[in-house]
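Peer 1: Fold the stuff below for me.
(2 chains)
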There are 2 protein chains.
Amino acid sequence: MTTYTRPIDFKRGRVDMSHGSGGRAMAQLIDELFVRHFANDLLAEQGDGACFALPTGAGRMVMATDSHVVSPLFFPGGDIGALAVHGTVNDVAMMGARPLYLSASFILEEGYPLADLLRIVKSMAQAAREVGVAIVTGDTKVVEAGKGDGVFITTTGIGLVPQGVALNAGRIAVGDRILVSGMLGDHGVAIMSHRENLTFETTIQSDTAALHGLVATMLDAVPDLHVLRDPTRGGLATVLNEFAKASGHGMLIHEKAIPVRSEVAAACELLGLDPLYVANEGKLVAFCAGQDAETLLDVMRAHPLGRDAAIIGEVIADEHAFVQMRTAFGGRRMVDWLNGEQLPRIC
Amino acid sequence: MTTYTRPIDFKRGRVDMSHGSGGRAMAQLIDELFVRHFANDLLAEQGDGACFALPTGAGRMVMATDSHVVSPLFFPGGDIGALAVHGTVNDVAMMGARPLYLSASFILEEGYPLADLLRIVKSMAQAAREVGVAIVTGDTKVVEAGKGDGVFITTTGIGLVPQGVALNAGRIAVGDRILVSGMLGDHGVAIMSHRENLTFETTIQSDTAALHGLVATMLDAVPDLHVLRDPTRGGLATVLNEFAKASGHGMLIHEKAIPVRSEVAAACELLGLDPLYVANEGKLVAFCAGQDAETLLDVMRAHPLGRDAAIIGEVIADEHAFVQMRTAFGGRRMVDWLNGEQLPRIC
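Peer 2: You can find the predicted model right below:
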């Protein structure tokens, strides 16, 4: 262990270019920030990467990655650190895998307060502990002031797929039921309200959460689950359009069945947003055979992260693979791909 | 396959916020740029991640990640795309692993020319093909003009460690020989000369290259190799100080033995740089037992990426774990950690 002249000043210090140079300042930042808070033996070895034994009999693996550029970095209900863990853990979980390890790579802007970076890293460390995955390797780069935006974090996750699990959009069939795990739109509306300084009676909080536990419960109860996805950027509408495109089938959802908090609906009205297109960071969309839908709904509702789960629609034969919604007034409308940008830098 | 109204205009188009929104524009960019050029079945599935079978008997795995923020994005001998593949493949290889798959995550700045992005992606695709690893999953985010710097790319690699390979700084012992695989400083000097508009008789080219093949050859010949590292940011001096710190031993290197091109040495003089601290992107440092050093040197020199390999020093008993150099004039000087920043945004 090198001893440094003095410890990093995490109260008043700022990121400077030397923190990305490969020299002593970077080594100290890695020691006193990342290794200390992510606290695991693999990271502490500080090799060019992490080396670990695979469980015997490991058959299939999932790899998923996400860059996080959310703005602001701190928002009601979370921050970029927690989001960077949850986002990638959820991508791994949506493939049916149990998360194993994460990597984390930071692009820091010169001048960013170290106190805020410390808060982010602590939040990330806590999120990883709660999930039960270690952040085993990483990287730190620094760009000049004005060439970045505080902190960007890219996380990559790997996980192992249990025997027999085969989630794939190709398995979607006419007659499948479409379920969501809870209230939609919380994350996007929390961020947008915060940006626009909108205040409501209660602050709308991001739903950022890791869904691997909920997924494990769902797979236990319904091993034949067809496919899962987390409706992040682009929201529910985007997931349904992606799955319609991939499966070649149509989708029909029912507006009345879609769970949206009244505050979120109100904020969407004010902000000119459609909750179907708003990002979520702790929700999932599931497709299963019609006969499994009630069982699946029951286990989802019994889980803390699925209390407000609902069956919201079904897969229908449609050679155009359109997504349609039966509105609250009884009509049908198309739910198209998002055109243009609705919510920039939401995750 | 969704048909889009018209194909993306890769000649005149620019990145806009909608390319990161999760909507149709992003889907089209993924289809027409990333899926098309990275061209592999796992990526084409466009799940939340990639799912693949592990080879039977896979025992240990390596995971490594790097964010690339090099400036400029195109430089003599390479570009950020090739660098993002080589950098992470090399980190995987330095752990003794055979690279298996890569992920790639892009943070794009609004307004960046799509023609340049296409060039980068094609270069990345070619580098991956040459290495023989597929880019199987990824992410695309867009930040507003002035909140990024063209293109940042984070790659994460996984690889499998062959039976019997155990590279670790803890294995460094007094009497070990220190080898480098070739001329030092090319990458850093190529970038800095380009930035400063320095011209020499011949343009100094980056050495960016994937070293997994060289590593495999070295491990075949000397399975007892102790440890490897690629001297990127901070150069040779940083690697030696990291290993001295990790092993608790001193290091003595010999200035005369260190291979540096005369143009690079001249450019370093002009730029006020010390080649020991300058980044390389296609070189490695190896430690092995004294009796294996000549064998290792021979196989390295027989490989196209190790033609100029050299034994540059040895591990010595030193309770302070200092790195020292016997200079060309016969004296000794300390080779300390890099203090401050020498070369910002070199990789």
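
Peer 1: How about residue A:60, nearest residue that isn't a chain neighbour?
Peer 2: Excluding the flanking residues, the one nearest residue A:60 by CB to CB, 6 or more residues apart in numbering or on different chains is residue A:161, at 4.1 Å. C-beta here means a position set from N, CA and C on the backbone, and glycine is covered the same way.

Peer 1: from what I can see that neighbour touches residue A:58, true?
Peer 2: No. Assessed by CB atoms under 8 Å, residue A:161 is found out of contact with residue A:58, at 9.0 Å.

Peer 1: Which one of the two is surrounded by more residues?
Peer 2: Taking neighbours as other CB atoms under 10 Å in any protein chain shown, residue A:161 and residue A:58 compare with residue A:161 leading, 22 against 17.

Peer 1: Give me the nearest residue to residue A:254, chain neighbours excluded.
Peer 2: Nearest one to residue A:254, counting by CB to CB, 6+ apart, is residue A:326 at 5.0 Å.

Peer 1: Kindly report the same for residue A:111.
Peer 2: With sequence-adjacent residues excluded and distances taken as CB to CB, 6+ apart, residue A:111 is closest to residue A:145, at 4.7 Å.

Peer 1: how would you label the one you found: helix, strand or coil?
Peer 2: At residue A:145 the chain is in coil, as set by DSSP: H, G, I helix; E, B strand; the rest coil.

Peer 1: Might you report the residue contacts of it?
Peer 2: A:109, A:110, A:111 (CB atoms under 8 Å, 6 or more residues apart in numbering or on different chains).

Peer 1: Kindly reformat these as JSON lines containing neighbour count.
Peer 2: Below are these laid out as JSON lines (neighbours: other CB atoms under 10 Å in any protein chain shown):
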{"residue": "A:109", "neighbour count": "20"}
{"residue": "A:110", "neighbour count": "19"}
{"residue": "A:111", "neighbour count": "15"}
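
Peer 1: For stretch A:245-265, buried residues please.
Peer 2: The neighbour-count check on stretch A:245-265 (16 or more other CB atoms under 10 Å in any protein chain shown) flags A:245-247, A:249-255, A:258-261, A:263-264 as buried.

Peer 1: what about that stretch, distance to the chain center?
Peer 2: 19 Å (CA atoms, centre = their mean, to the nearest Å).

Peer 1: and if you look at stretch A:124-134?
Peer 2: Its chain's C-alpha centre and that of stretch A:124-134 lie 14 Å apart, by CA atoms, centre = their mean.

Peer 1: Show residues contacting that stretch.
Peer 2: Residues outside stretch A:124-134 that contact it (CB under 8 Å, 6+ apart) are A:37-40, A:42-43, A:81-82, A:84-86, A:89, A:99-102, A:104, A:135, A:153, A:157, A:210, A:212.

Peer 1: Helix or strand: which one has the closest residue to chain B within the stretch 51-200 of chain A?
Peer 2: Of the stretch 51-200 of chain A, the residue with the smallest distance to chain B, taken as CB to the nearest CB, is residue A:64 at 2.9 Å. According to DSSP states H and E, residue A:64 maps onto strand A:60-68.

Peer 1: Sheet partners, orientation included, of that strand?
Peer 2: Its sheet considered, strand A:60-68 pairs with strand A:151-161 (antiparallel), strand B:50-53 (antiparallel) by DSSP bridges.

Peer 1: Pick the most deeply packed of the ones you listed.
Peer 2: Ranked by mean neighbour count under mean count of other CB atoms under 10 Å in any protein chain shown, these are led by strand A:151-161, which reaches a mean of 28.

Peer 1: Show me how far it is from its chain's centre.
Peer 2: 10 Å.

Peer 1: can you give me the strands in the stretch 51-200 of chain A?
Peer 2: For the stretch 51-200 of chain A, the strands defined by DSSP state E, counting those that start in this stretch occupy A:60-68, A:74-75, A:78-79, A:98-109, A:134-143, A:151-161, A:177-180.

Peer 1: right, so of the ones you listed, which gets closest to residue A:203?
Peer 2: Of all the strands of the stretch 51-200 of chain A, strand A:74-75 sits nearest to residue A:203, with 10.1 Å by CB to CB.
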